[in-house]
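1. Fold the following and give me the result.
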Amino acid sequence: MCGRFVMISDLSALEEAFDIQAVSADVKPSYNIAPGSEVVALVHDRVNRLVSFRWGLVPTWAKNPTIEKGIINARAETVAEKPSFRDSFKKRRCLVLANGYYEWKKVGKNKLPHYVYPVSERPFGFAGLYDTWRSKDGGTLSTCTIITTEPNELLRPLHDRMPVIVPKDRESLWLDDSVAGEKSLLSMLRASVSEVLEIREVSTLVNSPLNDVPECIQPLSSGLL
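-> Numbering: from 1, shown residues only. This is a model prediction of the structure:
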């Protein structure tokens, strides 16, 4: 699964890494993004636009938009079928931008945090979906979820799921809402090859979302607990 991630690139770095033509979001780098937080994402709205969503999808038909009911992950195997996701999968796809994410390995009674990040250390996009909930008084809430799939060999010792990272050469296809072919879209929802990712054990500082500091991603060998 993906329950916590990192996005520390500034706007200029994101503009360099992605074909961003319009900005409708306030980019605030964070070392410890938790469910319910505001995240930055890329959507295609005639142009590639940087926007913000609350992390935890609330379908447009939901009765209320509470954080507890927000869905932070969608399974690749059922994303085209489940009522919460199928419409967004067809026409509301996005890239949730990140630099890496955290996963916890169970060792005995303990869960040890690890930081997963690209070898290139460049920002990337999780395969995401978004929706907009509307209240009776006309208010709106835009939310998103991150799609997960079966892990690759590198991640399998940590967890039985991993988030889908969209390859650079498939980003435009994923964002294109005119592409509705289920097979072509589902074919993208695969685990990244192990060689493009690295893992390191990090401090338990990350266990609390209140700790949003660079030390969260430092190697455990740095002496942090």
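2. ok, now which ones touch Val166?
-> Applying Cβ atoms under 8 Å, 6 or more residues apart in numbering, we find Val166 in contact with Leu95, Phe124, Gly125, Phe126, Ala127, Trp174, Met188. In this view, the C-beta of every residue, glycine as well, is placed from N, C-alpha and C.
3. what about the fifth one, helix or strand, and which?
-> When secondary structure is defined by DSSP states H and E, Ala127 falls within strand 124-134.
4. Just flag the most distant two among the contacts of Val166.
-> Using Cβ to Cβ, the contacts of Val166 span at most 13.5 Å, a distance reached by Phe124 and Met188.
5. Who has more neighbours out of the two?
-> Applying other Cβ atoms under 10 Å to Phe124 and Met188 shows that Phe124 carries more neighbours, namely 23 against 18.
6. And stretch 190-199, what's buried?
-> The neighbour-count check on stretch 190-199 (16 or more other Cβ atoms under 10 Å) flags Ala191, Ser192, Leu197, Ile199 as buried.
7. Contact partners for the third one?
-> Contacts here follow Cβ under 8 Å, 6+ apart; on that basis Leu197 touches Val116, Tyr117, Pro118, Val119, Asn152, Leu154, Leu155.
8. any idea which helix or strand comes after the lowest-mean-pLDDT helix or strand in the chain?
-> Using mean pLDDT, DSSP states H and E, the weakest-scoring helix or strand in the chain turns out to be helix 182-186, at a mean of 87. Going down the chain from helix 182-186, the next helix or strand is strand 197-201, by DSSP H and E.
9. for that next one, the distance to its chain's centre please.
-> From the chain centre to the centre of strand 197-201 is a distance of 17 Å (Cα atoms, centre = their mean, to the nearest Å).
10. Adjacent strands (with direction) for that strand?
-> Strand 197-201 pairs in its sheet with strand 110-118 (antiparallel), by DSSP bridges.
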